[in-house]
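**Q** build me a model:
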Amino acid sequence: MTCDSLFNLDIAVRRYDPLKSEAQVTVQESVFDPLLTGSGLSSEDQRLLTFFAGAPLSTDKTHQYTAAFVDPLTTGGSYRFDVTATDNVSITDFSPSSERSESYETTWKLTYTQPLLRNLGRQANRWQILVARNTLGISESQFRQTVLNTLSDAEKAYWDLNFAIMDLKTKQGSLQLAQDFLDQNRIKVRVGTLAPIEITQAEAGVADREEAVIVAENAVRTAEDNLRRIMNVPRDSPDWGRPIHPADQPPLKEVAPDMAAAVDTAEANRPDLEQARLNLKSRETELSFRRNQRRWGLDFQGTYGALGANGGDPSIGGPFSYGRAVDDLRERNQTNWALGLNLSIPLGNRQAVANFTNAEQGLSQARYDLMRMEQLARVEVRNTVRDVETNLKRVKAAKVNTRLQQEKLDAEQKKFENGMSTSFQVLSFQTDLASAETRENQAMVDYNKSLVELERVKGTLLESRQMVLPGGTGAGPAGATAASASLR
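**A** Model prediction:
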């Protein structure tokens, strides 16, 4: 059995969403990763200086090596440090002599750029990181919601299987009653105390109940398969051919939920409300960025650097080298600096205005969406609380009805034995008893399912079952990473 076979397939699919969202957070944060670059250039330039008297040839050979370190800042600015080394050899060939010149230069330069209006500040430059983190929180919350729904489905499927088995036993018991009644009628007909037509009535009752048993048996198989699907039983497992026997019968644990407290709990714990709140935060962050983008562009740029040089005719002042150029650079004989402002004024600025308007509308939509979901959650919790109360009353009423139907059948059976009733009446009362038992079983299962549903709509099903999602912490109460949860 593989590891993946241990997980419900819905959970196995959804557990990758937080991992993907976490990678997107890293992608957005990587925008501010520093960059180190380097390059080398070699060139040669040859040309004739004149077409007269020997046509002297000039040759320039240049090598240039550069390295740069660039570091973007979350304030919107950046600084850049450049180091350059350049050497040049120039040869002019005059027959029968030639001239040679060498030069070596080393420079460093520090450049700082900072927006002063558009793209100024951490909020404007980190907004996509914040949105990505909110998206991660939404993915974690969705994963938690999938686990909640799957756990709820598993428990409900378990109780449905319980009902199918109990209903099958009810149908089998009703069939046994009809068969016993048929045997009694046959005896009475043989001894002449009962008309033969009564046997026909009893046989019809047996046939009707046999059909009900067949249908109930199929319902059990269907409920078993539904539970196997939720448990993700491997296709080659022998469990597909084995019956499932629930270890627990539906208990009657009377609960009186507080409606106001249940609503408050749901508003604090439901994953769908958490997702809506995170989406609202993302829309607020985007609106702040779009507002910033409507500004003019005004950027400050400052540079400071130094130059070191060494060169000339090697036959006069040589030898020349990079070492001497570096020494000159250290002595800072040649420095330079510059300060500047760059202004850009978008005429019309329609794109920025349209983006801001779109973000403003998206924020308003997200607010109304949160209000809508809070209202739906409130109604859903209230309905579920009433379902719990109603189903508990159903259970109590159904138990009384089952007891009375049994007493009614016993009385009718005695009347039949004394010749004061008919087979039709007895069979009808047997049907009434079976229907009462079925309704009692259904009410009991519905009550337990409504308790599961109440914990689900409150968002507290995991806590009530003392289950914890493994992994790190996430945004809000979701607290789930892409770790998987097993329902086996």
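**Q** rest of the way, CA atoms for contacts and neighbours
**A** OK.
**Q** surely Leu427 meets Ala204?
**A** No - counting by C-alpha atoms under 8 Å, Leu427 stays clear of Ala204, with 9.6 Å between them.
**Q** the two: which is more packed in?
**A** Leu427 (23 against 16; other C-alpha atoms under 10 Å).
**Q** so the closest residue to the more buried one other than its chain neighbours, which state does it fall into?
**A** In this structure, Leu427 finds its nearest non-sequential neighbour in Gly205, 6.6 Å apart by C-alpha to C-alpha, 6 or more residues apart in numbering. Counting by DSSP: H, G, I helix; E, B strand; the rest coil, the backbone at Gly205 sits in helix.
**Q** can I assume Gly205 is in contact with Ala178?
**A** Yes - Gly205 lies in contact with Ala178 (C-alpha under 8 Å); the separation is 6.2 Å.
**Q** could you tell me which residues touch both of those two?
**A** Leu427 (C-alpha atoms under 8 Å, 6 or more residues apart in numbering).
**Q** what ranges does this protein have for its strands?
**A** Using DSSP state E, the strands found in the chain span residues 35-48, 57-72, 78-94, 97-115, 297-312, 334-344.
**Q** who touches the second one?
**A** It refers to strand 57-72. Here strand 57-72 has contacts from 31-49, 78-94, using C-alpha under 8 Å, 6+ apart.
**Q** could you redo the last one with a cut-off of 6 Å?
**A** Contact partners of strand 57-72, identified using C-alpha atoms under 6 Å, 6 or more residues apart in numbering, comprise 32, 34-48, 78-93.
**Q** and these, which are buried?
**A** Applying 16 or more other C-alpha atoms under 10 Å to the contacts of strand 57-72, the neighbour count classes 32, 78-93 as buried.
**Q** which residues does stretch 91-110 contact?
**A** The contact list for stretch 91-110 (C-alpha under 6 Å, 6+ apart) reads 56-59, 80-90, 303-313, 322, 325.
**Q** now do 8 Å
**A** Residues contacting stretch 91-110 (C-alpha under 8 Å, 6+ apart): 54-60, 79-90, 303-314, 320-322, 325-326, 329.
**Q** what does stretch 418-426 give?
**A** Stretch 418-426 is contacted by residues Glu198, Gln201, Ala202, Leu409, Glu412, Gln413, Lys415, Phe416 when judged by C-alpha under 8 Å, 6+ apart.
**Q** next, format those as a markdown table and append pLDDT.
**A** What follows is the contacts of stretch 418-426, written out as a markdown table (pLDDT from 0 to 100):
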| residue | pLDDT |
| --- | --- |
| Glu198 | 83 |
| Gln201 | 87 |
| Ala202 | 88 |
| Leu409 | 92 |
| Glu412 | 91 |
| Gln413 | 89 |
| Lys415 | 90 |
| Phe416 | 87 |
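**Q** could I have the buried ones of those as ChimeraX selection syntax?
**A** Those of the contacts of stretch 418-426 that count as buried under 16+ other C-alpha under 10 Å are selected in ChimeraX with:
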select :198,201,202,409,412,413
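**Q** and of the contacts of stretch 418-426, the nearest to Tyr16?
**A** Nearest to Tyr16 among the contacts of stretch 418-426, counting by C-alpha to C-alpha, is Leu409 at 58.9 Å.
**Q** go through the helices and strands of this protein and name the one with the lowest mean pLDDT.
**A** In the chain, the helix or strand scored least confidently by mean pLDDT, DSSP states H and E is helix 314-317, which has a mean of 68.
**Q** okay, now the nearest residue to Thr285 once chain neighbours are set aside: neighbour count?
**A** Using C-alpha to C-alpha, 6+ apart and skipping the chain neighbours, the partner closest in space to Thr285 is Trp127 (6.0 Å). Neighbour count for Trp127, taken as other C-alpha under 10 Å: 19.
**Q** point out where the stretch 351-488 of the chain drops to low pLDDT.
**A** Applying pLDDT under 70 to the stretch 351-488 of the chain picks out residues 470-488.
**Q** center of this structure, which residue is that?
**A** Geometric centre of the chain, nearest residue: Ser139, 2.4 Å, by C-alpha atoms, centre = their mean.
**Q** ok, now which ones touch Ile165?
**A** Going by C-alpha under 8 Å, 6+ apart, Ile165 touches Val220.
**Q** distance check, it against Asn232.
**A** Distance of Ile165 to Asn232, computed by C-alpha to C-alpha, to the nearest Å: 21 Å.
**Q** repeat that for Val326.
**A** Remark: distance between Val326 and Asn232 (C-alpha to C-alpha) = 71 Å.
**Q** swap in Leu404?
**A** Applying C-alpha to C-alpha to Leu404 and Asn232 gives a distance of 43 Å.
**Q** so those two - more neighbours on which side?
**A** Asn232 (18 against 14).
**Q** burial count for the spatially closest residue to that one that is not a sequence neighbour?
**A** The spatial neighbour of Asn232 that comes closest, neighbours along the chain excluded (C-alpha to C-alpha, 6+ apart), is Asn8 at 5.3 Å. Burial of Asn8 is recorded as 24 neighbouring residues (other C-alpha under 10 Å).
**Q** so Asn8 touches Pro234, yeah?
**A** No - with contact defined as C-alpha under 8 Å, Asn8 does not reach Pro234; the gap is 10.7 Å.
**Q** residues touching Met166, list them.
**A** So, once contact is read as C-alpha under 8 Å, 6+ apart, Met166 ends up touching Asn441.
**Q** tell me the pLDDT at it?
**A** pLDDT for Met166: 95.
**Q** from Val31, how far off is it?
**A** The spacing between Met166 and Val31, counted by C-alpha to C-alpha, is 62 Å.
**Q** quick check on Thr422: phi, psi?
**A** Note on Thr422: backbone dihedrals following degrees, to the nearest 10 are phi -120, psi 170.
**Q** when you give positions from now on, start the count at 51
**A** Happy to do that; since the first residue is 51 now, the last one works out to Thr472.
**Q** neighbours of it, just the number please.
**A** Residues near Thr472, counting by other C-alpha under 10 Å, number 17.
**Q** again, but for Met421
**A** Neighbour count for Met421, taken as other C-alpha under 10 Å: 15.
**Q** for Ile366, same thing?
**A** Burial of Ile366 is recorded as 7 neighbouring residues (other C-alpha under 10 Å).
**Q** go ahead and name everything in contact with stretch 85-94.
**A** For stretch 85-94, the external contacting residues (C-alpha under 8 Å, 6+ apart) are 109-121.
**Q** swap in 10 Å and give it another go.
**A** Stretch 85-94 has contacts (C-alpha atoms under 10 Å, 6 or more residues apart in numbering) with 109-122, 130-140.
**Q** that older thread, residues in contact with the residue nearest to Thr335?
**A** Gln78, Arg183, Ser332, Glu334, Thr335, Glu336, Leu337, Ser338, Phe339.
**Q** picking up where we left off before, nearest to Arg506 among the contacts of stretch 468-476?
**A** Nearest to Arg506 among those: Leu459, at 41.4 Å, using C-alpha to C-alpha.
**Q** apart from its chain neighbours, what residue comes closest to that closest one?
**A** Using C-alpha to C-alpha, 6+ apart, the closest residue to Leu459 is Phe479 (5.4 Å).
**Q** what's that neighbour in contact with, if anything?
**A** Counting by C-alpha under 10 Å, 6+ apart, Phe479 touches Gln455, Gln456, Glu457, Lys458, Leu459, Asp460, Ala461, Glu462, Gln463, Ser473, Ser485.
**Q** count the residues that sit near Leu511.
**A** 21.
**Q** nearest residue to it in space, please, no chain neighbours.
**A** Glu505 is the one closest to Leu511 (C-alpha to C-alpha, 6+ apart), at 4.7 Å.
**Q** and the gap between that neighbour and Thr250?
**A** Using C-alpha to C-alpha, Glu505 is found at 52 Å from Thr250.
**Q** nice, that's everything, thank you.
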